[in-house]
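[1] Prediction below, plus the sequence it came from.
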Amino acid sequence: MSNIFKDRIFKNKAFIPFLTAGDPNAETTVNCILAMERAGVDLIEIGIPFSDPTAEGVVIQDANIRSLSNGMTTDGVFGIVEKVREKSDIPLAFMTYINPVFHYGYDRFFERCQKLGVCAIIIPDLPFEEKDEVADVASKYGVEVIILIAPTSHERVKKIAKEARGFIYIVSSMGVTGVRSSISTNLDEIVAAIRENTDTPCAVGFGISTPEQAKKMAAVSDGAIVGSAIVKIIAQYGKNAPDKVYEYVKSMKEAVLKA
Amino acid sequence: MSKGRFGEFGGQYIPETLMNQLYELEEAYNFYKNDKAFNDELNTLLNEYAGRPSLLYYAEKMTKDLGGPKIYIKREDLNHTGSHKINNVLGQALLAKKMGKTRVIAETGAGQHGVATATAAALLDMECEVFMGKEDTDRQALNVYRMELLGAKVHPVTSGTMTLKDAVNETMREWATRCEDTHYVLGSVMGPHPFPSIVRDFQSVISKEARAQILEKEGKLPAAVVACVGGGSNAMGMFYNFINDKDVKLIGCEAAGKGVDTELHAATIAKGSVGIFHGMKSYFCQDEYGQIAPVYSISAGLDYPGIGPEHANLYKTGRAQYFPITDDEAVEAFEYIAKTEGIIAAIESSHAVAYVMKHAKEFSKDDSIIICLSGRGDKDVAAIARYRGVEIYE
């Protein structure tokens, strides 16, 4: 059976950008996603805004608030994906909190994901212990629930990795999302523990902003995930962000390929 | 696989970064809750430092005036630091110390939990940082200074609605950033397992004492126990040892603010729906997309859009009932109990007093009911004055 993660997204070292849907509006989000695709990214994480994103640093928190106060909703985000799908088959994943998914209705939510070719979802407040909340429904519609592994996971890595599907999201450092000047976690050790237990690919996120960091993270793993640095560009340039996002993302993808 | 369930409610919906901390906490708690030395130490602190047991006071004038059952008041307001919060805080701080933590962090709404945490940290030689919504640091400036006097650092939280829920968000973020040496002293029966159980156990001293006290005074159990509910810690403490006494009604009073027909309330049970937030499945005030709603109450301590999962289950199973009480009713009760009994009660606790004022006649004169007076109202005097159009500032 073909596996979009192994056969396409992680065929080479992957670069995975994130953006918050509806920040500053739906049209800009669509244009940024298409710009990212042109720049050669492998998977795009689309954030469904939530009023209280407890795993986010201030940059993405603010993007959530901008998006919601401009009227974005879960239905609106599906509308954005529909627009993207008119022009592109780029692999897409959602990143959001459990409450918006719970309220949309698990069946209804994952069925729409399947129809629109959203292949995965990342839910930071749904740890391994609570994965059964959505596991069956997501699987019924062929959507992978991406599990996270953190620097504090220690002996948990084994059981998490063994059941991981799609890819594993390695949280590079303690705390919340946001740009960091350096990442000091011993990622080699975490990745080694993952590799012992699964051949599911893994990518590193949280705190990455420069091409050097992205290259370094992709070198120890299978790819790099970048959110806050992109959201910052969108915050700065608003409707004119797509070109700037293209340049930035392109430089990051090139760096990752050198890893 | 999922732990810490009360019926369908509860659980551990929290980022992976904190999961090992929760396991460590659960393991330590399960050990120490049965450890004699720990319990002796905690009881000594509760009795010699916090002033327990708290009085069960017969409010004779209120009883006569309202013409219903005998009204007893559980005086948690007389505890050191002025509220029930100290019961939980001493327990958690001592537990944290045993776990080798050197620093505690906490969220606070009105400031009582923050003050209690700062107090315990001072006593037990721990570093303390408190996160408090910017709106609340303005409303309760005196409590900010009080925490600083006790050696704590107070961070005004400017994200979101700048109230209690945002303070919880920020404390969770801080804990995810630094947890090796830090314990999060959660202030209510909420959040991910094991917090709802730990906080309930430490607060259950309220009903353990009250049950024995009322049996001694009345020779029978009360018809009802009444407490205000935000997250629900004093109510859970007041309910817990009466849950198996099926004839004792458990009554929670939530903040209806300007009224449950307006947008300005924090009435989670009356107006909320099931959701998953702050680590737990429970009832929340939220919109159709699951965005957490801004809530409002005159009482900063009840100004929270959720309720603890054990309450959610007590409600769903019909064991406890929850009633919304408006700002107007609470303020009236605040003034009433001051004039009738000479007690300045917290505006939070005044919600429970208001319920009894409204519903006393529904009970038999042969029965008794207990109000949990969870805190004292000195902190609220200036706000009540302003509510009545008198411009007093602290």
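    Yep, that arrived. Residues are numbered from 1 along each chain as shown, chains lettered A, B, ... in the order given.

[2] What helices and strands are in contact with the host helix or strand of B:A106?
    Assigned by DSSP states H and E, B:A106 falls within strand B:103-108. Contact here means 3 or more C-beta pairs under 8 Å, 6 or more residues apart in numbering or on different chains; DSSP states H and E; on that basis strand B:103-108 packs against helix B:85-98, helix B:112-123, strand B:127-133, helix B:164-177, strand B:182-184. Every C-beta, even on glycine, is put in place using the N, C-alpha and C of the backbone.

[3] rerun at 6 Å
    Secondary-structure packing of strand B:103-108 (3 or more C-beta pairs under 6 Å, 6 or more residues apart in numbering or on different chains; DSSP states H and E): helix B:112-123, strand B:127-133, helix B:164-177, strand B:182-184.

[4] interface residues of the stretch 101-250 of chain A facing chain B?
    A:102-103, A:124-125, A:127, A:129-130, A:148, A:150, A:152, A:174-176 (C-beta under 6 Å from any C-beta of the partner chain).

[5] Please identify the buried residues of stretch B:385-394?
    Neighbour-count burial for stretch B:385-394, with 16 or more other C-beta atoms under 10 Å in any protein chain shown as criterion, is recorded at B:Y387.

[6] likewise stretch A:143-159?
    A:143-153, A:156-157.

[7] about what we covered before: the residues of the stretch 101-250 of chain A next to chain B in strands, which ones?
    A:L148 (DSSP state E).

[8] got the buried residues of stretch A:143-159 as CSV, with distance to B:M19 columns?
    Converted to CSV, these look like this (distance: C-beta to C-beta, whole Å):
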residue, distance to B:M19
A:V143, 23
A:E144, 20
A:V145, 16
A:I146, 16
A:I147, 11
A:L148, 10
A:I149, 10
A:A150, 8
A:P151, 12
A:T152, 8
A:S153, 7
A:R156, 7
A:V157, 12
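
[9] wait, which of those residues is closest to A:Q114?
    A:V143 (6.4 Å; C-beta to C-beta).

[10] What's the separation between the residue nearest to the spatial centre of chain B and chain A?
    Nearest residue to the geometric centre of chain B (C-alpha atoms, centre = their mean): B:S233, 3.6 Å. Distance, B:S233 to chain A, by C-beta to the nearest C-beta, to the nearest Å: 21 Å.

[11] For that residue, give me its contacts.
    Counting by C-beta atoms under 6 Å, 6 or more residues apart in numbering or on different chains, B:S233 touches B:S188, B:V189, B:V199, B:Q203.

[12] Look up the closest residue to the last one, ignoring the ones flanking it.
    I take that to be B:Q203. Once flanking residues are discounted, B:Q203 sits nearest to B:G237: 2.9 Å by C-beta to C-beta, 6 or more residues apart in numbering or on different chains.

[13] any idea which helix or strand comes after the strand or helix carrying the one you found?
    Assigned by DSSP H and E, B:G237 belongs to helix B:233-239. As assigned by DSSP H and E, the chain's next helix or strand after helix B:233-239 is strand B:249-257.

[14] C-alpha coordinates for that following strand, CSV please?
    Only the C-alpha atoms of strand B:249-257 are listed here, as CSV (Å, rounded to 0.1, in the frame of the first residue of the first chain):
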residue,chain,number,x,y,z
LYS,B,249,-28.7,17.8,48.9
LEU,B,250,-25.5,19.1,47.4
ILE,B,251,-26.1,22.6,46.0
GLY,B,252,-23.5,24.6,44.0
CYS,B,253,-24.0,28.3,43.2
GLU,B,254,-22.4,29.6,40.0
ALA,B,255,-21.9,33.1,38.9
ALA,B,256,-24.8,34.4,36.7
GLY,B,257,-23.2,37.9,36.4
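
[15] So for that strand, mean pLDDT?
    For strand B:249-257, mean pLDDT rounds to 98.

[16] can you list the residues that contact the very next helix or strand once past that strand?
    Sequence order places helix B:268-271 as the next helix or strand after strand B:249-257, per DSSP H and E. With C-beta under 6 Å, 6+ apart as the test, helix B:268-271 has contacts from B:E254, B:V260, B:Y283, B:C285, B:G306, B:I307, B:Y315, B:Y322, B:P324.

[17] how close does the closest residue to A:D243 other than its chain neighbours get to chain B?
    Spatial nearest neighbour of A:D243, excluding adjacent residues (C-beta to C-beta, 6+ apart): A:A35 at 7.0 Å. Separation of A:A35 from chain B (C-beta to the nearest C-beta) stands at 27 Å.

[18] Give me the neighbour count for A:A35.
    A:A35 has 21 neighbours, counted by other C-beta atoms under 10 Å in any protein chain shown.

[19] mind listing what residue 120 touches?
    Defaulting to chain A. For A:A120, the contacting residues are A:A93, A:E144, A:I146, A:G166, by C-beta under 6 Å, 6+ apart.

[20] actually it's chain B I care about, not the one you picked
    Taking C-beta under 6 Å, 6+ apart as the contact definition, B:A120 lies against B:V89, B:L90, B:A93.

[21] Name the residues of stretch B:126-145 that come out as buried.
    B:126, B:128-137, B:139-140, B:143-144.

[22] Would you mind checking which of these the model is least sure about?
    Ranked by pLDDT, those bottom out at B:R139 (78).

[23] any idea which of the helices and strands packed on strand B:103-108 is most buried?
    helix B:112-123 (a mean of 27; mean count of other C-beta atoms under 10 Å in any protein chain shown).

[24] and that one, how far from the chain's centre?
    15 Å (C-alpha atoms, centre = their mean, to the nearest Å).

[25] How confident was the prediction at B:Y393?
    67.

[26] Nearest to B:T108 among the buried residues of stretch A:143-159?
    Distance to B:T108 across the buried residues of stretch A:143-159 (C-beta to C-beta) is lowest for A:T152, with 25.8 Å.

[27] How about the closest one: what's its closest non-neighbour residue?
    A:T152 sits nearest to B:N20 (C-beta to C-beta, 6+ apart), 5.1 Å away.

[28] go on, A:L187?
    A:V220 (4.9 Å).

[29] Show the subsequent helix or strand relative to the one helix or strand in chain B whose mean pLDDT sits lowest.
    Lowest by mean pLDDT, DSSP states H and E among the helices and strands of chain B is helix B:134-139, with a mean of 88. Using DSSP H and E, the helix or strand that follows helix B:134-139 in sequence is helix B:141-149.

[30] Next, find the distance separating the residue nearest to A:L187 from chain B.
    Counting by C-beta to the nearest C-beta, the gap from A:V220 to chain B is 19 Å.

[31] State the number of residues packed around that residue.
    A:V220 has 19 nearby residues by other C-beta under 10 Å.

[32] Ok, the one 5 residues further on next?
    Number of residues near A:I225 (other C-beta under 10 Å) recorded here: 28.

[33] With adjacent residues omitted, what lies nearest to it?
    In space, A:I225 is closest to A:G205, 3.1 Å off (C-beta to C-beta, 6+ apart).

[34] I figured the one you found was touching A:A224, is that so?
    No. The pair A:G205 / A:A224 is not scored as a contact, 7.3 Å apart, by C-beta atoms under 6 Å.

[35] Got phi/psi on A:R38?
    The phi/psi pair for A:R38 (degrees, to the nearest 10) reads phi -60, psi -30.

[36] Roughly how far does it sit from A:E247?
    Between A:R38 and A:E247 the computed distance is 11 Å (C-beta to C-beta, to the nearest Å).
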